[in-house]
Every structure is written in C-alpha cells, then in structure tokens.
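A.B. asks: I would like to see how this sequence folds:
(2 chains)
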Amino acid sequence: RKEVEQDPGPFNVPEGATVAFNCTYSNSASQSFFWYRQDCRKEPKLLMSVYSSGNEDGRFTAQLNRASQYISLLIRDSKLSDSATYLCVVNSDSWGKLQFGAGTQVVVTP
Amino acid sequence: EPEVTQTPSHQVTQMGQEVILRCVPISNHLYFYWYRQILGQKVEFLVSFYNNEISEKSEIFDDQFSVERPDGSNFTLKIRSTKLEDSAMYFCASTGPGAAGYTFGSGTRLTVV
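C.D. replies: Sure thing, here's the model as predicted:
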C-alpha cells in the first residue's frame, strides 16, 4: 500500500466553482500534514499546514480526519491561477522526512 | 521572503562523471534535506541533515551519494559516478523552529547522458 495516496485527476473545474479532493495516508503515527502546490517543473510550495481542527486560508480549506486517516482540500471560487498539481505531504516526526503523494492535478477553465 | 537557493539550475553530465549540486538553505534553519523528482513521478526523500551529520537517508541514497555542509551556509549533494537513472530534478529544502513548513529551493535539473 502506498504511504500517501491521491487521486491523480485531472479535476477540470470551471472558473468560480468549488473543487475538493482527498488524500489518504497509511501511517497512523503521522504527525504533521501539509498541502503543497507544484506548478509544472517547479518546486513544491507550501499552500497550508493542516491542523486537527481543520483550518482555512482565504479560499482554501483543509480538514484532517485522523480516525479515517485522510486529509482534504477544498478550493472555493476557483481562479485560473489555481491550476496546478496539489501535493499531499505527511511526516511522522518533527523535522523528519516528508512523504509525498503523487499529486492531484487541478485545471481551472474559463 | 527568505529563500532556499540552488545552483546550477540545470546540469548536463556524462554517465560516470561526478556532480555536485549546491544549496544555500535559509539562514536560521537547522534541518536540511535533499529530495528528487524523476519526470512524471512523485517527490522522493533522499537524505536529511542536522547538526552536521546525516539524520536519515533513504534506500536511494546509496554509496554513490554524499552530502556536506562545508561552511556555515552551503549544503551540497555529491553524486560520485552518475548513472542514466539519476536524471531527475533535485530539490533542496530546509526548515527549523518557528518555520511554517519546509521551504524548497527551485531545484537543479540533472540530465545524465
């Protein structure tokens, strides 16, 4: 079983619509959770950390479900600039190695 | 905003040659990492480095790989004898107390021919 699994997509989203997708992780001892964004052939960039209580940053909302071992990302009012690959990232100890999912591709269309 | 800087941005090398990839982490960070991403695949962990020693390494990080922090600012990844399958994007990352997540450099695209 993959350590971090994501639906690869693509999710084709009309501009202004809402899109949501999940990620599952296998290690129940995982401690920290992140969503990173990666544009084509660029470095991963931190979008947001994911906290147990769920958190929101502008149009982006992240949720963590420890019991079912998944995290989710919801993007409201999608912009063309939201087109990217969204990476689910998990680590098991502070400052430890990050484990990446293969990414979910989002394409926002006019 | 502080950045992780990597050089060169692109390196082409012949199979069997040694390459050194360079990184300057964010100055007050204490933990340093190398990751790689083969084209079309996920980002994979190579090695983590703290307090001037390797703290963890993956199966990919075999005897052909080494890391060094030769001075207070640079963090290097050396591949002793490159293979075709080493062709990938190599990302350096750093983090530390108070940091919001891990910051990645813009990467070095290594092409082994």
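A.B. asks: mind listing what's buried in stretch B:94-110?
C.D. replies: B:94-96, B:99, B:101-110 (16 or more other Cβ atoms under 10 Å in any protein chain shown). All C-beta atoms are positioned from the backbone trio N, CA, C, and that covers glycine.
A.B. asks: would residue A:86 count as being in a strand?
C.D. replies: Yes. The assignment for residue A:86 is a strand, going by DSSP: H, G, I helix; E, B strand; the rest coil.
A.B. asks: quick revisit: so which of the buried residues of stretch B:94-110 sit within strands?
C.D. replies: Among the buried residues of stretch B:94-110, the members found in strands (DSSP state E) are B:94-95, B:103-104, B:108-110.
A.B. asks: quick check, residue A:97 in contact with residue B:34.
C.D. replies: No. The pair residue A:97 / residue B:34 is not scored as a contact, 10.4 Å apart, by Cβ atoms under 8 Å.
A.B. asks: so between the two, which is more surrounded?
C.D. replies: A count of neighbours by other Cβ atoms under 10 Å in any protein chain shown puts residue B:34 above the other of residue A:97 and residue B:34, at 26 against 21.
A.B. asks: returning to what we had before: would you turn the ones in strands among the buried residues of stretch B:94-110 into a markdown table with distance to residue A:38?
C.D. replies: Below are these laid out as a markdown table (distance: Cβ to Cβ, whole Å):
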| residue | distance to residue A:38 |
| --- | --- |
| B:94 | 18 |
| B:95 | 18 |
| B:103 | 14 |
| B:104 | 9 |
| B:108 | 16 |
| B:109 | 14 |
| B:110 | 18 |
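A.B. asks: nearest to chain A among those?
C.D. replies: Distance to chain A, by Cβ to the nearest Cβ, is smallest for residue B:104 among those, at 4.1 Å.
A.B. asks: burial count for residue A:14?
C.D. replies: Neighbours of residue A:14 under the rule other Cβ under 10 Å: 10.
A.B. asks: just the pLDDT for residue B:71.
C.D. replies: On the pLDDT scale, residue B:71 is placed at 88.
A.B. asks: and it, what are its phi and psi?
C.D. replies: phi -140, psi -170 (degrees, to the nearest 10).
A.B. asks: check the gap between the residue positioned nearest the centre of chain B and residue A:86 for me.
C.D. replies: The centroid of chain B falls nearest to residue B:34 when counting by Cα atoms, centre = their mean (3.3 Å). Residue B:34 sits 23 Å away from residue A:86, going by Cβ to Cβ, to the nearest Å.
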